[in-house]
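Colleague: Make a model of this:
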Amino acid sequence: MRKPVSIAAGVAFAAILTHGMVFCAMNLSQDLPVLSYRGFFQHALFRIDSLWSRVHGWPSETECVAAVRQARPADPARLDVANEICRMTHIDEFGRFYARFVHLICPLIGFMVFAAICGRRLGWRVARGMAIAAGYMAVRDFVPGLGHETLWLEVALAAAITVLMAWSAGALKTGPVTPAVPATA
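Modeller: Numbering: from 1, shown residues only. Modelled structure (predicted):
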């Protein structure tokens, strides 16, 4: 009974995480409270952007927004500084990083939820799950347009990869079906 529940929980967690992270990246029109569904993922996106930007030594998109808010239209010097900060953000490069991050981390977190609830010692089977996630990212790099058009295709792909990772850990039987009652001769 624990296996089906753990698989379902891992898949649901990966799907919800993927949906939230992709949806918030597609809809950044307003600042939302942290305690809402979209707000949680929006703030996570902003924190990942800040961390990524600091690692690269560039200003983040949140610093650009703050500089624009502080600049007044009557103060052209501050407006020029804000525009310069916004030109240095490298948001297109961050977007490519974020997409790859979501494709890797969401199925992996779903797999870890499965492993935690399942209660089985997975040992080296965890490496197989990580290899599947890495292979999924490699396939996404070589197959143009795989899932990039629709949100629900991204969610379905993350769920499918999580199920595949659970299968690699031995949670799903794929051998021949044995009858419950042996046949008598």
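Colleague: residue ranges with poor pLDDT in the protein?
Modeller: Along the chain, segments meeting pLDDT under 70 span 1, 72-74, 144-149, 173-185.
Colleague: Need the residue closest to the centroid of it.
Modeller: V102 (2.6 Å; CA atoms, centre = their mean).
Colleague: Buried residues in the helix or strand that contains it, which are they?
Modeller: V102 is part of helix 91-118, with elements assigned from DSSP states H and E. Neighbour-count burial for helix 91-118, counted by 16 or more other CB atoms under 10 Å, picks out 94, 98-99, 102-115, 117-118. For the C-beta atoms, the positions are set from N, CA and C on the backbone; glycine is no exception.
Colleague: what separates it from the chain centre, distance-wise?
Modeller: 4 Å (CA atoms, centre = their mean, to the nearest Å).
Colleague: Check which helices and strands that helix sits against.
Modeller: helix 2-26, helix 37-56, helix 125-142, helix 151-168 (3 or more CB pairs under 8 Å, 6 or more residues apart in numbering; DSSP states H and E).
Colleague: so which of these is the most packed in?
Modeller: Ranked by mean neighbour count under mean count of other CB atoms under 10 Å, the helices and strands packed on helix 91-118 are led by helix 151-168, which reaches a mean of 21.
Colleague: rewinding a little: Serialize the helices and strands packed on helix 91-118 to JSON lines and add fields for distance to L79.
Modeller: JSON lines is the format used below for the helices and strands packed on helix 91-118 (distance: least, CB to CB, whole Å):
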{"stretch": "helix 2-26", "distance to L79": "28"}
{"stretch": "helix 37-56", "distance to L79": "21"}
{"stretch": "helix 125-142", "distance to L79": "39"}
{"stretch": "helix 151-168", "distance to L79": "36"}
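Colleague: What sits closest to F46 if chain neighbours are left out?
Modeller: T62 (5.2 Å; CB to CB, 6 or more residues apart in numbering).
Colleague: neighbours around the one you found, how many?
Modeller: A count of neighbours around T62, defined by other CB atoms under 10 Å, yields 16.
Colleague: begin at 25 from here
Modeller: That works, and once the first residue is 25, the last one we named lands at T86.
Colleague: Can you give me every residue that contacts it?
Modeller: Neighbouring residues of T86 by CB atoms under 8 Å, 6 or more residues apart in numbering: 70, 73-74.
Colleague: any idea how far it is from L75?
Modeller: 11 Å (CB to CB, to the nearest Å).
Colleague: How about L56?
Modeller: Counting by CB to CB, the gap from L56 to L75 is 20 Å.
Colleague: Ramachandran coordinates for L56?
Modeller: phi -110, psi 160 (degrees, to the nearest 10).
Colleague: contacting residues around it?
Modeller: 62-63, 66.
Colleague: just curious, which of the contacts of T86 is nearest to A155?
Modeller: D73 (28.7 Å; CB to CB).
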